[in-house]
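Enquirer: Any chance you can model this:
(chains A, B, C and D)
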Protein chains: 2
Amino acid sequence: MVSNATSASRHKTAAKPAGPGRPKDLGKRAAILDAAKRLFANEGFAGASMDEIAAEAGVSKLTVYSHFGDKEALFAAAVRAKCEEMLPDDLFQQELKGPLRSQLIAIASGFFALISSDEAISTHRMMIAPGNGDDPLRKLFWEAGPQRTHDALGAFLQARVQAGELDIADTSRATQQFFALIKGEMHSRMICGLYTKPLRGDVNAHIEATVDMFLRAYAPR
Amino acid sequence: MVSNATSASRHKTAAKPAGPGRPKDLGKRAAILDAAKRLFANEGFAGASMDEIAAEAGVSKLTVYSHFGDKEALFAAAVRAKCEEMLPDDLFQQELKGPLRSQLIAIASGFFALISSDEAISTHRMMIAPGNGDDPLRKLFWEAGPQRTHDALGAFLQARVQAGELDIADTSRATQQFFALIKGEMHSRMICGLYTKPLRGDVNAHIEATVDMFLRAYAPR
DNA sequence: GTCTATATAGCGATAGAC
DNA sequence: GTCTATCGCTATATAGAC
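Expert: Predicted coordinates:
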């Protein structure tokens, strides 16, 4: 009689294939996660309240607590979800033909668009904010974002070096330089919230000038 | 008899030159501002409480409220104080002799040290955090920090171009590129809180490689 | 002018009804 | 499994004593 209810309740979820064990969760869970991602990004960890999140998701607060344990767990889940969805990573899968300059401009344009979206800016701010998120979470964010794009461009540049189209001694350093240049002052201003809307013409001019500068430094003599 | 105490008490502060009108304020006010700068930077606007600030400053909470109106005003004052003190700006006042490469390395080293200090990183995080600070405050921060260093380096590069030591079409853009390169991935990692302690050797290698890359792109042929 | 003690409000987390 | 109502705690801001 003292019993273990765990083994008794297990057979309920034994038939796993989309069984009606708890089919209603997913919609609400997704709505909660969505609201959490938006509110945490816009108001920070301390700024966003569980009441707001529950109201925004259209559920009650206890539903939030039943799906995720507490506020920190919800924050971690929101960050993880953001990291996963923020990886199109087809930056380098696209058709890369034509002269090297055009290819680099295409890569740079994709990268800049990726980091310039309101979503990316908000996420970046949220991760950076003091007190928001612990160390493993920050590491996760870094590996999901900057690390992957870095590796992809590194491989691209390495191939071009071996093809004799570029003269780069340290490919990893050149990769960092390329991304730093593309981000540039515009990204800093956006992160700082000075202007959220850079003109499209300015962006194109910035990208072309940056690629040209990069090529002047690393073109074979 | 009904009186107006205001006019009666005014003659107390009439002798303004450091008169004993309220000489004890300044020490406490400075202590409060100092504590506010530190705590806001480390824990964010919502994270830092007025109790913590008062305790850290060694005064009571009401003293804080008597000096600064409310929490937002104290935050704004802390940011303004940070902006003012974070301007050594003798980055370019120093002895700049020798070859151009050495001068650029000196400038880059000073700039990197400026933005790498724990203080600068904390302030940067505080300003960027979502919800912290309003727009005029962010503008103030930008003009006190990035804007001034940008202008200083821009003038330096412009002079070198006219001296025939550099071949730069757009000096302003080159200035942005230089700072973006120097910040580089290291600064992003520090802002993200991944490692707070970059090795000194790595920093020097990074700076020298960056200056060399910059010079390869902009050296006269 | 400064401190101790308190009013008021909001948030995170939970108990009980359905 | 979900909702309404509530507890416990903390933080901002203030009232009264010295």
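
Enquirer: which residues does A:Glu84 contact?
Expert: Contacts for A:Glu84 (Cβ atoms under 8 Å, 6 or more residues apart in numbering or on different chains) come out as A:Ala144. Just so you know, the C-beta spots here come from the backbone N, C-alpha and C atoms, and that holds for glycine as well.

Enquirer: got it, and A:Lys97?
Expert: Going by Cβ under 8 Å, 6+ apart, A:Lys97 touches A:Gln103.

Enquirer: List the contacts of the residue minimising distance to the centre of chain A.
Expert: In chain A, the C-alpha nearest the mean C-alpha coordinate belongs to A:Met86, at 3.7 Å (Cα atoms, centre = their mean). Contacts for A:Met86 (Cβ under 8 Å, 6+ apart) come out as A:114, A:119-120, A:123, A:144-145.

Enquirer: So which helix or strand of chain A has the lowest pLDDT on average?
Expert: The weakest-scoring helix or strand in chain A, judged by mean pLDDT, DSSP states H and E, is helix A:5-10 (a mean of 36).

Enquirer: what comes up buried for the helix or strand just after that helix?
Expert: Counting by DSSP states H and E, the element after helix A:5-10 in chain order, helix or strand, is helix A:25-47. Neighbour-count burial for helix A:25-47, counted by 16 or more other Cβ atoms under 10 Å in any protein chain shown, picks out A:28-29, A:31-33, A:35-41, A:43-47.

Enquirer: quick one: the helix or strand hosting A:His206 to helix B:200-218, angle?
Expert: Using DSSP H and E, A:His206 falls within helix A:200-218. Calculated by axes from the mean of the first three to the mean of the last three Cα atoms, to 10 degrees, helix A:200-218 forms an angle of 100 degrees with helix B:200-218.

Enquirer: what comes into contact with helix A:200-218?
Expert: A:100-101, A:104-105, A:108-109, A:112, A:116, A:166-168, A:174, A:177-178, A:181-182, A:184, A:186, B:170, B:173-174, B:177, B:213-214, B:216-218.

Enquirer: Check stretch A:155-167 too.
Expert: Contacts of stretch A:155-167 (Cβ under 8 Å, 6+ apart): A:92, A:100, A:107, A:168, A:171, A:174-175, A:178, A:218-221.

Enquirer: check the buried residues of helix A:25-47 against DNA strand D, which are close?
Expert: A:Lys28 (Cβ under 7 Å from any atom of the strand).

Enquirer: Which residues belonging to the helix or strand that contains A:Arg148 are considered buried?
Expert: Using DSSP H and E, A:Arg148 sits in helix A:148-162. Residues of helix A:148-162 classed as buried: A:149-150, A:152-154, A:156-158, A:160-161 (neighbour count, 16+ other Cβ under 10 Å).

Enquirer: how about low-confidence regions in chain A?
Expert: For chain A, applying pLDDT under 70 flags the ranges A:1-24, A:88-91, A:93-95.

Enquirer: and if we set it to 80?
Expert: By pLDDT under 80, the weakly predicted segments of chain A are A:1-25, A:86-97, A:195-196.

Enquirer: Say whether DNA strand C is contacted by stretch A:73-86.
Expert: No. For stretch A:73-86, no contact with DNA strand C is found by Cβ under 7 Å from any atom of the strand; the gap never falls below 7.8 Å.

Enquirer: Filter the contacts of helix A:200-218 down to the buried ones and hand me the PyMOL line.
Expert: Listed next is the PyMOL selection for buried residues among the contacts of helix A:200-218, using 16+ other Cβ under 10 Å:
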select buried, (chain A and resi 104+105+108+109+112+116+166+168+174+177+178+181+182+184+186) or (chain B and resi 173+174+177+213+214+217+218)
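
Enquirer: Looking at the contacts of helix A:200-218, which are in helices?
Expert: A:100-101, A:104-105, A:108-109, A:112, A:116, A:174, A:177-178, A:181-182, A:184, A:186, B:173-174, B:177, B:213-214, B:216-218 (DSSP state H).

Enquirer: OK, contacts around A:Ile53?
Expert: A:32, A:35-36, A:39, A:64, A:74.

Enquirer: can you name the two of those residues that are farthest apart?
Expert: Using Cβ to Cβ, the contacts of A:Ile53 span at most 11.6 Å, a distance reached by A:Leu39 and A:Val64.

Enquirer: Report the distance from stretch A:194-203 to the chain centre.
Expert: How far stretch A:194-203 lies from its chain's middle: 21 Å, per Cα atoms, centre = their mean, to the nearest Å.

Enquirer: Report the separation between the two terminal residues of that stretch.
Expert: One end of stretch A:194-203 to the other measures 16 Å (Cα to Cα, to the nearest Å).

Enquirer: Pull out the buried residues from it.
Expert: Burial within stretch A:194-203, assessed by neighbour count using 16+ other Cβ under 10 Å, is assigned to A:194, A:203.

Enquirer: Could you check how far the helix holding A:His206 is from the centre of its chain?
Expert: Offset of helix A:200-218 from its chain centre (Cα atoms, centre = their mean): 24 Å.

Enquirer: Check the buried residues of helix A:148-162 and tell me the two furthest apart.
Expert: Farthest-apart pair in these is A:Thr149 and A:Val161; separation 18.5 Å (Cβ to Cβ).

Enquirer: got the residues of chain A near DNA strand C?
Expert: A:48-52, A:61-62, A:65, A:70-72.

Enquirer: DNA strand C versus A:Arg29, what's the distance?
Expert: 16 Å (Cβ to the nearest atom of the strand, to the nearest Å).

Enquirer: A:Phe156 too?
Expert: Going from A:Phe156 to DNA strand C by Cβ to the nearest atom of the strand gives 43 Å.

Enquirer: just A:Val161 next, same as before
Expert: Applying Cβ to the nearest atom of the strand to A:Val161 and DNA strand C gives a distance of 51 Å.

Enquirer: got it, and A:Thr123?
Expert: From A:Thr123 across to DNA strand C, the span is 19 Å (Cβ to the nearest atom of the strand).

Enquirer: try A:Asp151
Expert: Distance from A:Asp151 to DNA strand C, by Cβ to the nearest atom of the strand: 36 Å.

Enquirer: quick one: that residue from A:Phe179, how far?
Expert: 12 Å (Cβ to Cβ, to the nearest Å).

Enquirer: likewise A:Asn132?
Expert: Going from A:Asn132 to A:Phe179 by Cβ to Cβ gives 24 Å.

Enquirer: Sweet, I'm off.
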